[in-house]
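Colleague: Need the 3D shape of this:
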Amino acid sequence: MAIPEAKVLEVKEASDIADVISTRLPLSRAGSNLKALCPFHEEKTPSFIVSPQRQTYHCFGCGAGGDVYTFLMSHDQLDFPGAVRFLADRVGIVVEEEKKEDQLGYRLVEFARKFYEHSLWKTGEGETARRYLKGRGITEETAKRFDMGYSPAGGRALTDLARQRGLPLPAMEEIGLCLRRDGDHRDRFRRRLMFPISDDRGRTVGFGGRILGAGEPKYLNSPEGPLFSKRKLLYGAHLAREAIRKDGRAIVVEGYTDAILAHQEGVTAVVGCLGTAFTPRQAALIRRFSRQVVLVYDPDSAGVAASERGLDVLLSHGLDVSVAHLPKGKDPFDFLREQGGDAFRQIVNEAEDFFEFKLRSARARHDLRTTRGEAEAAREVMSMVEKVADPIRRDILYRKAAEALGIREDALRSGSPAPARKPKRRLQAASRAQTEGTEEAIFEILVNRPDLARKAVSAVPLENFSEAKRPVAEAVYHQVERDGKVNVATLLIELKEEKYCRVLVEAQEASSAEKDYERTLRDIQTRLREKAYDDERAELREEYELARQQGNTERADQIYGRLASCIEDKKKLRG
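Modeller: Numbers count the residues shown, from 1 in each chain. Have a look, this model is predicted:
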């Protein structure tokens, strides 16, 4: 369901960009603006500027820029509706809820959560699960904080209660709360300790259930569906996010109980990866809270492999990753239970840098006494280095790898995959009469001089804009044709994508009362006409040479006359 533009503007006007960004970056005063180290690239001198007056941000180092929505979309990895809803919740404005079917889904999952919770704490059958929790050292307070529950053994209790309350069983089947067997519905989860799984907003979206007693599978999750997707979620993220921001790092473990006991022991910046290989969506979720990640997986071979798989994804998302090592034979839960939170925190503080971890594990896997083994180890390490998003850090790692592996740096670079490169912008056809700097100048005029907007639109047709900036130009031109002026705030909402919003923010930042925009517009018109004459002259020369080669003297003379006129007309432009 789309959020009405009026509501989007209302939320934005109620949200101060400096206030929002200051909760994520330390801002310092710089005249009428605020500055910080840019969160989107590594730098030592602050070039990230926040303008409270314009309600925009701009980095003069990497070019990132936009409004409060684009900041949250880039920094917190939110989609546009998510950014609007986040700010709306923050300032107490109610926006339209999800589609009716999603509303129903959340209501049914919450109904099930409360049913499982009641079954754990208020029924005789729940005693089995209560004894299990006590035996594992999980307190009632902790279990309730994580909304834990129990699904009865009979297999019909939840379904029967839903039927009594008139809830739609087909909808419950669709989100994985019940199954249809022989024309009837039965509970999906039976005789299991239930772990509700929430999204980052704290809404329960699914469940994980551990069997109590004999039976398979040991763990059963809600099926993938409209609400629940393991690849997009981290267990306990809604409880850990503030601690992660405060601590400056996210601690990632594998299982439910690992995360639960960590929180119980006072280490609350911990999330669980739900037993999956790390995914881009999970990496993006972590980046919303912190740029640093510590992986704490089981020390067995499967745990090491999981750590290595997670590295590639996390590094490619610009996260700074390290790997904590538990004593052999201890998983996070066992270690926490035996040694406590302080010892676990010490293990995390001593985590190994991802490069050293990868280098050590690659050396352990290959026989370095052979050239083949050395080469394979080097390729393994460099394959990971290439995932590092920051080019400066990647360059440093090349040098470190060359030194550690005893291989020339140029050999490593030539033997590893080439860094991903942005495709070069395709050159526009000559007939588009595009000149260097014209796009930036026109956007600056449109944004800062409303009185020249219509004149600028008439002077520079849309075909003169590159493909990269055409969407921005189309949005601006449409607004000028409709309203006669440019409203940057509305356009930033409409454009959404940071790369497009950046164009308008840079145009705002470049404005100056000393600039003669009328003269700039005249110069642009002149340059475009000159370029059009140059294009025409190039075409006429080709036609002229072709006519001569074909022996068509009459046509060649006609073209020559047009060519001479074209040259004279261009000279007249500058007087």
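Colleague: what bits of the stretch 51-200 of the chain have low per-residue confidence?
Modeller: In the predicted model, the stretch 51-200 of the chain carries pLDDT under 70 at residues 96-102.
Colleague: The stretch 451-575 of the chain now?
Modeller: Using pLDDT under 70, the stretch 451-575 of the chain drops low at 496, 512-513, 533, 556-557, 560-561, 563-575.
Colleague: With the stretch 201-350 of the chain instead?
Modeller: 275-277, 300-304, 306-307.
Colleague: Tell me which stretches of it form strands.
Modeller: Using DSSP state E, counting those that start in this stretch, the strands found in the stretch 201-350 of the chain span residues 204-211, 219-221, 250-253, 270-272, 292-295, 320-323.
Colleague: so which of these gets nearest Phe357?
Modeller: strand 320-323 (4.4 Å; CB to CB). To be clear about C-beta, it is placed using only N, CA and C from the backbone, and glycine gets the same treatment.
Colleague: wait, which of the strands of the stretch 201-350 of the chain is closest to Pro152?
Modeller: strand 204-211 (11.7 Å).
Colleague: What strands line up against the closest one, and which way round?
Modeller: Strand 204-211 has the following strand partners under DSSP bridges: strand 192-198 (antiparallel), strand 219-221 (antiparallel).
Colleague: Just the helices from the stretch 151-300 of the chain, written as ranges.
Modeller: 157-164, 169-174, 237-247, 256-264, 280-287 (DSSP state H, counting those that start in this stretch).
Colleague: could you dump the ones you listed to a markdown table with mean neighbour count and distance to Asp79?
Modeller: Output for these, formatted as a markdown table (neighbours: other CB atoms under 10 Å; distance: least, CB to CB, whole Å):
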| stretch | mean neighbour count | distance to Asp79 |
| --- | --- | --- |
| helix 157-164 | 18 | 32 |
| helix 169-174 | 16 | 23 |
| helix 237-247 | 19 | 16 |
| helix 256-264 | 25 | 26 |
| helix 280-287 | 20 | 10 |
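Colleague: Test my guess that Cys273 contacts Arg281.
Modeller: No: assessed by CB atoms under 8 Å, Cys273 is found out of contact with Arg281, at 11.5 Å.
Colleague: Now tell me what touches the one helix or strand Lys12 maps to from outside.
Modeller: Using DSSP states H and E, Lys12 falls within helix 5-13. For helix 5-13, the external contacting residues (CB atoms under 8 Å, 6 or more residues apart in numbering) are 55, 67-69, 84, 87-88, 91, 93, 95-96, 489-490, 493-494.
Colleague: model confidence over the helix or strand just after it, on average?
Modeller: Using DSSP H and E, the helix or strand that follows helix 5-13 in sequence is helix 17-22. Helix 17-22 carries an average pLDDT of 90.
Colleague: Kindly export helix 17-22 (C-alpha atoms) in PDB.
Modeller: What follows is helix 17-22 as a C-alpha-only set of coordinates in PDB (Å, rounded to 0.1, in the frame of the first residue of the first chain):
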ATOM      1  CA  ILE A  17      17.700  15.700   9.900                       C
ATOM      2  CA  ALA A  18      20.400  16.800  12.300                       C
ATOM      3  CA  ASP A  19      18.600  15.200  15.200                       C
ATOM      4  CA  VAL A  20      18.200  11.900  13.300                       C
ATOM      5  CA  ILE A  21      21.800  11.700  12.000                       C
ATOM      6  CA  SER A  22      23.200  12.700  15.400                       C
END
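Colleague: Buried by neighbour count: which residues of it qualify?
Modeller: Neighbour-count burial for helix 17-22 flags Ile17, Val20, Ile21 (criterion: 16 or more other CB atoms under 10 Å).
Colleague: which SSE is the nearest residue to His366 once chain neighbours are set aside in?
Modeller: Leaving out its chain neighbours, the residue that sits closest to His366 by CB to CB, 6 or more residues apart in numbering is Gly373, at 4.0 Å. Using DSSP H and E, Gly373 maps to helix 371-385.
Colleague: who does that helix touch, helix- and strand-wise?
Modeller: helix 301-316, helix 354-365, helix 391-405, helix 409-415 (3 or more CB pairs under 8 Å, 6 or more residues apart in numbering; DSSP states H and E).
Colleague: Export those to JSON lines and append columns for mean neighbour count and distance to Phe289.
Modeller: Converted to JSON lines, those look like this (neighbours: other CB under 10 Å; distance: least, CB to CB, whole Å):
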{"stretch": "helix 301-316", "mean neighbour count": "19", "distance to Phe289": "13"}
{"stretch": "helix 354-365", "mean neighbour count": "19", "distance to Phe289": "19"}
{"stretch": "helix 391-405", "mean neighbour count": "16", "distance to Phe289": "21"}
{"stretch": "helix 409-415", "mean neighbour count": "13", "distance to Phe289": "34"}
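Colleague: Rebuild these as TSV, extending it with distance to Glu536.
Modeller: Below are the helices and strands packed on helix 371-385 laid out as TSV (distance: least, CB to CB, whole Å):
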stretch	distance to Glu536
helix 301-316	48
helix 354-365	57
helix 391-405	42
helix 409-415	46
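Colleague: So which of these is nearest Val267?
Modeller: helix 301-316 (18.4 Å).
Colleague: how does the chain divide into domains?
Modeller: 5-91, 100-228, 232-350, 357-415, 430-516, 525-573 (automatic domain parsing).
Colleague: Out of those, which one sits most buried?
Modeller: Across the domains of the chain, the average number of neighbours (mean count of other CB atoms under 10 Å) peaks for domain 232-350, which reaches a mean of 20.
Colleague: Distance from that domain to the middle of the chain?
Modeller: Here the centre of mass of C-alpha atoms in domain 232-350, compared against the chain's by CA atoms, centre = their mean, to the nearest Å, lies 19 Å away.
Colleague: for that domain, how far is the first residue from the last?
Modeller: Terminal residues of domain 232-350 are spaced 29 Å apart (CA to CA, to the nearest Å).
Colleague: Redo the helices of the stretch 151-300 of the chain as a markdown table? Include distance to Ser222.
Modeller: Listed next are these as a markdown table, based on distance: least, CB to CB, whole Å:
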| stretch | distance to Ser222 |
| --- | --- |
| helix 157-164 | 13 |
| helix 169-174 | 11 |
| helix 237-247 | 16 |
| helix 256-264 | 13 |
| helix 280-287 | 17 |
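Colleague: Of all those, which one is nearest Trp121?
Modeller: helix 157-164 (15.0 Å).
Colleague: list the helices and strands that closest one packs on?
Modeller: So helix 157-164, by 3+ CB pairs under 8 Å, 6+ apart, packs with helix 100-122, helix 169-174, strand 178-181, strand 184-187.
Colleague: Could you rerun that using 7 Å?
Modeller: Here helix 157-164 touches helix 100-122, helix 169-174, strand 184-187, going by 3 or more CB pairs under 7 Å, 6 or more residues apart in numbering; DSSP states H and E.
Colleague: elements contacting the second one?
Modeller: Applying 3+ CB pairs under 7 Å, 6+ apart, one finds that helix 169-174 makes contact with helix 100-122, helix 157-164, strand 178-181.
Colleague: Work out the gap between it and the centre of the chain.
Modeller: 32 Å.
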